[in-house]
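*Asks:* turn this into a structure:
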Amino acid sequence: MKVPLQITFRHGERSGAAETRIRERAAKLDRLYEDIIAGRVVVDVPQLRHRKGRIFQVQVDITVPGRELVVNREPLLNHAHEDLTVAIDDAFDAMERQLKEHSQTLHGEVKQDVKPERGTVNLLRPEEGYGFIRTRDGRDVYFHRNSVLGGAFNHLSLGVEVRFSEEEGEKGPQASTVEMAG
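*Replies:* Okay, here's the model as predicted:
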């Protein structure tokens, strides 16, 4: 980054471990996309809850030439974000996807008119925030809660038919833009 990374903690104490993790993930973004001008990360605990743990909200804001990319997830539905490291990693994973898409668009690599695939949810791990979709040809494709459109991850159940786009992930095929087919 050409401008030093800004990290802000709101409504909570500054955490050295969290700041280290944020800097590690920002450095990974910098390696992924070398034209990043500036970056800002805000860690917030927007509500005070008495019965359950705090849910962290992490916003990542990256400026690249001619564009600003922002990840600002609504954490209130995601109890996995009671763990600050999970919230940080989810936000940075989403930013990595945005940077890759932005880079592909700039280089004309974006696929046009790709029909979404269909499949059914055949494994769901809500507490870990992921699941698998069985495709019509019998393959299992991983998906993460952040890939489910409209925050509908908590509404999925086994056997539900979904539409999705498939891409190659670090550990094999993964689904993006998952939505219920009905």
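*Asks:* what helices or strands is the strand or helix carrying Glu96 leaning on?
*Replies:* Element membership for Glu96, per DSSP states H and E: helix 84-106. Contacts defined by 3 or more CB pairs under 8 Å, 6 or more residues apart in numbering; DSSP states H and E place helix 84-106 against helix 16-32, strand 38-44, strand 57-64, strand 67-72. Just so you know, the C-beta spots here come from the backbone N, C-alpha and C atoms, and that holds for glycine as well.
*Asks:* and if we set it to 10 Å?
*Replies:* Applying 3 or more CB pairs under 10 Å, 6 or more residues apart in numbering; DSSP states H and E, we find helix 84-106 packed against helix 16-32, strand 38-44, strand 57-64, strand 67-72, strand 140-144.
*Asks:* between the ones you listed, which gets nearest to Gly182?
*Replies:* The closest of the helices and strands packed on helix 84-106 to Gly182 is strand 140-144. By CB to CB, the value is 17.3 Å.
*Asks:* which one is the residue positioned nearest the centre of the chain nearest to, not counting chain neighbours?
*Replies:* Here the mean C-alpha position of the chain is nearest to the C-alpha of Ala94 (CA atoms, centre = their mean), at a distance of 3.0 Å. Nearest-residue entry for Ala94: Val71, 4.5 Å, with adjacent residues in sequence omitted and distances by CB to CB, 6 or more residues apart in numbering.
*Asks:* got the helices and strands packed on helix 84-106 as JSON lines, with mean pLDDT columns?
*Replies:* Shown next, in JSON lines, are these (pLDDT from 0 to 100):
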{"stretch": "helix 16-32", "mean pLDDT": "92"}
{"stretch": "strand 38-44", "mean pLDDT": "92"}
{"stretch": "strand 57-64", "mean pLDDT": "91"}
{"stretch": "strand 67-72", "mean pLDDT": "86"}
{"stretch": "strand 140-144", "mean pLDDT": "92"}
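*Asks:* Asp89: which of the ones you listed is closest?
*Replies:* Taking the helices and strands packed on helix 84-106 one by one with CB to CB, helix 16-32 is closest: 7.1 Å.
*Asks:* doesn't Ile55 fall inside a helix?
*Replies:* No: counting by DSSP: H, G, I helix; E, B strand; the rest coil, Ile55 is not part of a helix but coil.
*Asks:* rewinding a little: and the helices and strands packed on helix 84-106: which comes nearest Glu161?
*Replies:* When those are ranked by proximity to Glu161 (CB to CB), strand 140-144 comes first, at 13.7 Å.
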